[in-house]
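A.B. asks: the following block contains a protein sequence and its predicted model.
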Amino acid sequence: MRVKSFFSKKTVALSLALASFAGLFSGCVGSDSDTKAPETIAITNVSYDPTRELYEQYNKLFAAYWKKEKGQDVTVTQSHGGSGKQARSVLEGNEADVVTLALEGDIDELRKAGLIEDGWVQELEKNSAPYTSTIVFLVRKGNPKGIKDWDDLVKPGVEVITPDPKSSGGARWNFLAAWAFFGKLTGATEETQKEQIKALYSNVTVLDSGARGSTTTFVENGQGDVLLAWENEAFLSLKEHPGDFEIITPSLSILAQPSVAVVDANAKKHGTEEVSKAYLAYLYSEEAQRLAGQNYYRPSNAAILKEFDTTFDLQIALVSIDGDFGGWEAATAKFFADGAIFDQIYKK
Amino acid sequence: MKGKITRWVLVGLGVLFIALMLLLPLAAVLVYALRQGWATFLSAVTDTYAIKALQLTLLAAGITLAINTVFGLFAAWAITKFRFRGKQALTTLIDIPFSISPIVAGLVFIVVFGRIGWAYPLLEAWNIKIVFAVPGIVLATIFVTFPFVSRELIPLMQASGSDEETAAALMGARGLRIFRRVTLPHIKWGLLYGVILCTARALGEFGAVSVVSGHLRGKTNTLPLHVEILYSEFRLTAAFSVASVLVVIAVLILILRNIVEHKLKREERL
């Protein structure tokens, strides 16, 4: 008797679960039309690692703005990870309405796949980069290894933490900044640049897949002597752990322009084109620019950037991807494609 | 006397090892979770995203459990009570999820159901989303926990052989009746054990689910993924608070298992 009841309970549980499974699929079928409901609208922002805090605040700011403008409640679903990884997931079917990634190149992959229309870079001001950043060093309190510039990173015994340029946008900026510095040394040739870069990467003890992973490795897990970090990420670490770290600004770095774009194909499908466009355009408003500055991103609005001149080292020499590397297409082919310079120096 | 010393040394070593490898880290999770007091702990655990993640995890585990139990029973039944060609191959195939890396399990689904996957146009036409949505998470969980039930059952059913079923059949019992009155009493233990292991694994699955999730907050984040997100947001205490929920669930499952085991054992003796 007991055996029997045991079995029948099971059957009930099973059929319940199966029913819910079926409901799950049918639920998904219907969900897309919901987004057209007038009083609420939902969009998905697939972003890169260090923007978590910025967009958490910006989403509230934008929701208030949109409510006032259109009387509509907008909810933004966030997703964060290494920039390349995130672009990949959108490419594979993660239906982002907007992408706010670390690199123009990552977003351009989506254009090549036909998800974003041609000419997206010109869609918004400043090459669709509403805020910029640069690459700095984060070292432990008192700078025990005496790190001041890029050439200190190749010294034996210095442990460097940086993410993998293959999967992380920030890591590519790191790599290019170092490359630019070694190129400006007297008597530099491409061969000496390769040697120096190789020496630098042989000092890398942990190569995480995203910028935030590297920060956690350095800050929380206490690995390494120096972290090559986004300026905003470095400031955030100082804020989280006051008194434990110092920021070192190298003599030369790179102007990092994280780009934003509407994923046209998905927005069209979800009927969210208008709100998606507004979401990105509002990033250029004074309030949003100030919010970016408060989150240690350099506002692209020059007047607002001035307000933060005590925070940022505005004197730092910055090379740029377009001016010094011939744009992302060329830089990717030369440095990060399969078998390109990064693969060559990292292999051995 | 000598035997006694050996015994104590062995027991001591065993206890020490378990304490160092299992109890200490688990205790550390709980201590870390509560280091900023109950208020912080509660706010992390009752956070909207945490609750949604928990719901998703339970949903995925529930569906997984149901499907894998049914499948495990069928598979074990087929393999042990019947003779057919390719039986050995089937047994090996069932074990694939044990030997395959979770990332491969995840990527498999991306390749099939993702935007560049071959099933995508069909799914698109029907407006069904699999990867980067809840069904993908369920599928990935089912995949990695596939063998648990059948793996527990096969040896048991093999040991009991098919003589009793044959006898029952000769006496005129039909399939379902044979199963309920003859087979199930033999295997209920193993079945329960497999189901419990399957649940525990399904609740904690990280790797394959991480690949197909897309990490959309409040939508496709399971509890283990939520722990990772909190961890990378410098919210260590919150991360450990949520992790401790997983630990507590795991401990509860183990206690449940022991109670059931104990009960069944006693009933069997009567």
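C.D. replies: It's in.
A.B. asks: residue numbers of the stretch 101-250 of chain B in contact with chain A?
C.D. replies: Applying Cβ under 8 Å from any Cβ of the partner chain, one finds that the stretch 101-250 of chain B approaches chain A through B:110, B:113-117, B:120, B:126-129, B:131-135, B:138, B:180-181, B:184-185, B:188, B:214-219, B:229, B:231-234, B:236. To be clear about C-beta, it is placed using only N, CA and C from the backbone, and glycine gets the same treatment.
A.B. asks: and stretch A:289-296 with chain B, contact?
C.D. replies: No. Using Cβ under 8 Å from any Cβ, stretch A:289-296 stays clear of chain B, with a minimum separation of 13.3 Å.
A.B. asks: among the residues of the stretch 101-250 of chain B next to chain A, which ones are buried?
C.D. replies: B:110, B:113-115, B:117, B:120, B:128-129, B:131-135, B:138, B:180, B:184, B:188, B:214-219, B:229, B:231-234, B:236 (16 or more other Cβ atoms under 10 Å in any protein chain shown).
A.B. asks: mind checking which of those residues are in helices?
C.D. replies: Mapping these onto helices (DSSP state H) picks out B:110, B:113, B:120, B:134-135, B:138, B:184, B:188, B:229, B:231-232, B:236.
A.B. asks: reformat these as CSV; add distance to residue A:192 and pLDDT.
C.D. replies: Shown next, in CSV, are these (distance: Cβ to Cβ, whole Å; pLDDT from 0 to 100):
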residue, distance to residue A:192, pLDDT
B:110, 42, 91
B:113, 49, 92
B:120, 48, 88
B:134, 53, 94
B:135, 54, 94
B:138, 54, 95
B:184, 75, 85
B:188, 73, 83
B:229, 42, 88
B:231, 40, 85
B:232, 37, 80
B:236, 43, 85
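A.B. asks: ok, so of those residues, who is nearest residue A:269?
C.D. replies: residue B:120 (13.4 Å; Cβ to Cβ).
A.B. asks: that closest one contacts residue B:109, correct?
C.D. replies: No. Contact criterion Cβ atoms under 8 Å: residue B:120 and residue B:109 do not qualify, at 11.7 Å.
A.B. asks: what separation is there between residue A:163 and residue A:91?
C.D. replies: As defined by Cβ to Cβ, to the nearest Å, residue A:163 lies at a distance of 20 Å from residue A:91.
A.B. asks: okay, the two: which has more neighbours?
C.D. replies: Higher neighbour count among residue A:163 and residue A:91: residue A:163, with 31 against 17, using other Cβ atoms under 10 Å in any protein chain shown.
A.B. asks: just checking, the more buried one touches residue A:208?
C.D. replies: Yes. Residue A:163 lies in contact with residue A:208 (Cβ under 8 Å); the separation is 4.8 Å.
A.B. asks: what is in contact with these two at once?
C.D. replies: Common neighbours of residue A:163 and residue A:208 (criterion: Cβ atoms under 8 Å, 6 or more residues apart in numbering or on different chains): residue A:214.
A.B. asks: could I get the pLDDT score of residue A:346?
C.D. replies: pLDDT, residue A:346: 84.
A.B. asks: what sits against the residue lying closest to residue A:99 once chain neighbours are set aside?
C.D. replies: Nearest residue to residue A:99, sequence neighbours excluded (Cβ to Cβ, 6 or more residues apart in numbering or on different chains): residue A:46, at 5.1 Å. Counting by Cβ under 8 Å, 6+ apart, residue A:46 makes contact with A:79, A:86, A:89-90, A:94, A:96, A:98-101, B:214.
A.B. asks: pull the number of nearby residues for residue B:164.
C.D. replies: Applying other Cβ under 10 Å, I find that residue B:164 has 15 neighbouring residues.
A.B. asks: please consider this matter closed, and thank you.
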